[in-house]
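Visitor: okay, predicted coordinates and the sequence, questions at the end:
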Amino acid sequence: MPKLTIDGQEIEVEAGTSIIQAAEQLGIEIPRFCYHDKLSVPANCRMCLVEVSPGPPKPQASCALACTEGMEVKTDSDMVKKARKGVMEFLLINHPLDCPICDQGGECDLQDQAVAYGYDQSRYHEEKRSVKNKNLGPLIKTIMTRCIQCTRCVRFGEEIGGVTELGLLNRGEDVEIGTFIEQAVSTELSGNMIDICPVGALTSAPYEFKARPWELKKTETIDVMDAVGSNIRVDTRGNEVMRVLPRLNEEINEEWISDKTRFAYDGLKRQRLDTPYIRKKGKLEAVSWDEALEFTAGKLIGVDGKRFAAVTGDLVDVESTIALKDLTQALGSPHMDCRQDGAKFDVDGRSDYLFNTGIAGIEEADAILLVGTDPRHEAPMINARIRKSWLQSKVPVGLIGTPVDLTYPYEHIGTTPDDLDRLSRARKGFVEVLKKAKKPMIIVGTAALRHEDGYDVHALAKMVAERFGMIQEDWNGFNVLHVAAGRTGALDVNFLPQKNDKGKTIGYDIYDMVKAGRAGKLDAVYLLGVDELDTRAAFGADTFIIYQGHHGDNGARHADVIFPGAAYTEKDALYVNTEGRVQMARRAAFPVGEAKEDWSILRILSERLNVTLPYNSLQELRRRIFGEFPHLKAIDMKPNEDFVSVDKPVNVSTSPFGRVVYNFYQTDVISRASVTMAECVEAFIRSKEQDALEAAE
């Protein structure tokens, strides 16, 4: 390990560490534009120049120079200061004076570094050049005259996003960033280019001219657009969400988020339920809370508990789930389920439904088998991790399921559960990769669990994990990838068909509920955030349907009673991501109109039903949760659960796995209400469909 001195401070670093990285470890700031610690090093902006001895008598780029034994570095010498001022002067030759109207103002690296390291005036009087703006789609606004050709966006697209639309064109004073063919940037992570752009060349199109950063209240919270649980910051002005930005969490989303996470926030103010409704003479009418609660109580009091059921949706937090569970049990019903999509899998142990390797653990794997999943569209941050691992170590990837574009090469093994069964018994092919691997892993997707043979596929995947050494003392390579943010938390609190004292399941799952409803054996069903079902068709015309949620979508359309709830940005809540990590979401805005937090609605209703729930505040409710489920107290810690072996005969079919996500931009009630996401559908999905039709003709 080389030892060197930087500004008189001695430091020992790992071999291969660059000077700019060593300086960061000492807390010494070296300005930069092109360098980014998640991207390759181009060393083309020259802003990070330092003086190095022994060495040539000229400043050198600290981002591209590795530390060596005995090196002495000066970051603030007269030579360095003069060089930086010169570089800044060159960068500003063609940069327009757009700061008063630029959305990057107040958060601009060029602004900050021009003040800290530049001259207070320019010696150049020539006309500034102008560059034509590029159409990168509905999410990114371009003003390319501001571009300083740092190439961060180009490298992000190639290395993280897995797309190559952007490139550096021309030479000399004509150089510019652009697309080789006029087209939008087709990656689900394109919004991150806005974050890493050090100037105002790439800014958020939906946020254009909306607010200044110093006007916004910043709240650190958790994303619910998928089950990854990306760490985000929600910026609000008044009670309106103005933008969503990523927060650094190296174990989950690093410093990236998907475009849906970033831009779907405008759906939070459209198609909202802001007052209770009850159905009168076939039509929904707005009523007061008191009338809605009394009407519901009148329908539920006296109902046999065995004829009442409850279902939770994809975006529901842990507190609301446990409140509905307590209410359902207080009414004497064992019928509850959190799997509105009908996924089938055993939950004998917690590891049966978790992403046990952990998201960061993907980088340790040396072989990956995907079963019934499309991580690029189901969990873009997990797909980005797999691509990162492939770039670093060329990890081999196999897929059993519908062929999709995953931004990295893979071996397509088959499309059916039977192909997984044959792989488990094969001697050649991808099985050889699994046998040779020291840390192989399997990722079982929701499409595999929604299959008609879901239980057998789940069991078979566990057998494959054991057979090929995926289960080791310090490595659990069996992973389930959920798509619903609230799914893992609901499974953790056992919001599933209940069992009797002898361990026999007596409650209905979602399939049994539908059968019972259509057969007239269900009097009432409580739907908490259930937005993906045609509820009247599912439960029959005579079932009394109570819907609680925040958008007027599928769940509310046929309900007899509607209780307006709070969206994820409007409440303090617990969510458990697909790897079993408990995270806290914090309220950034207040619920709209007369809407209330979901758990409090259930608490009020329980009082009207004469089965008052034993908590009056969020703190009391959490004490109740932590008392029964103490593992949920471990906030932001990845669990290490023991693998539960399975030994039972499996019988799988040759029916192919389907796909869970066909339209990445509209997968939930919030994104379906988003105008920005609708524009993305037009720009990215329907345009591709049109191109395919034209090619076929």
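Guide: Looks like it arrived, so ask away. Just so it is clear, the model here is predicted, and its values are computed rather than measured.

Visitor: ends of stretch 632-647, what's the gap?
Guide: Separation of the first and last residues of stretch 632-647 by Cα to Cα, to the nearest Å is 30 Å.

Visitor: residues of it that come out buried?
Guide: Of all the residues in stretch 632-647, those buried under the rule 16 or more other Cβ atoms under 10 Å are 632, 638, 639, 643, 646. Backbone N, C-alpha and C define where each C-beta goes, glycine included.

Visitor: cool, and stretch 170-189?
Guide: 176, 177, 178, 179, 184, 185, 186, 187, 188, 189.

Visitor: and these, which two are the farthest apart?
Guide: Maximum pairwise distance in those, criterion Cβ to Cβ, is 25.5 Å, between 176 and 188.

Visitor: so residue 547 belongs to a helix, correct?
Guide: No. Using DSSP: H, G, I helix; E, B strand; the rest coil, the secondary structure at residue 547 is strand, not a helix.

Visitor: in the sheet, who's paired with it?
Guide: On the basis of DSSP bridges, residue 547 is bridged to residue 527, residue 562.

Visitor: so how far is residue 669 from it?
Guide: Distance, residue 547 to residue 669, using Cβ to Cβ, to the nearest Å: 11 Å.

Visitor: rewinding a little: I'd like the buried residues of stretch 170-189 laid out as JSON lines, including pLDDT.
Guide: Output for these, formatted as JSON lines (pLDDT from 0 to 100):
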{"residue": "176", "pLDDT": "91"}
{"residue": "177", "pLDDT": "92"}
{"residue": "178", "pLDDT": "88"}
{"residue": "179", "pLDDT": "86"}
{"residue": "184", "pLDDT": "79"}
{"residue": "185", "pLDDT": "86"}
{"residue": "186", "pLDDT": "85"}
{"residue": "187", "pLDDT": "91"}
{"residue": "188", "pLDDT": "94"}
{"residue": "189", "pLDDT": "96"}
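
Visitor: and those residues, which is closest to residue 419?
Guide: When these are compared for distance to residue 419 (Cβ to Cβ), residue 188 wins out at 27.1 Å.

Visitor: need the contact list for that closest one.
Guide: Counting by Cβ atoms under 8 Å, 6 or more residues apart in numbering, residue 188 touches 161, 258, 259, 260, 376, 377, 380, 664.

Visitor: what residues are up against the nearest residue to the third one once chain neighbours are set aside?
Guide: For residue 259, the nearest residue in space outside its immediate sequence neighbours is residue 191; the separation is 4.9 Å by Cβ to Cβ, 6 or more residues apart in numbering. When contacts are counted by Cβ under 8 Å, 6+ apart, residue 191 touches 139, 140, 204, 257, 258, 259, 262, 263.

Visitor: in terms of neighbours, single out the busier of residue 547 and residue 669.
Guide: Neighbours were counted for residue 547 and for residue 669 using other Cβ atoms under 10 Å; residue 547 has more, 29 against 25.

Visitor: confidence score at that one?
Guide: Here the pLDDT value assigned to residue 547 is 97.

Visitor: so it makes contact with residue 555?
Guide: Yes. Counting by Cβ atoms under 8 Å, residue 555 is a contact partner of residue 547 at 4.8 Å.
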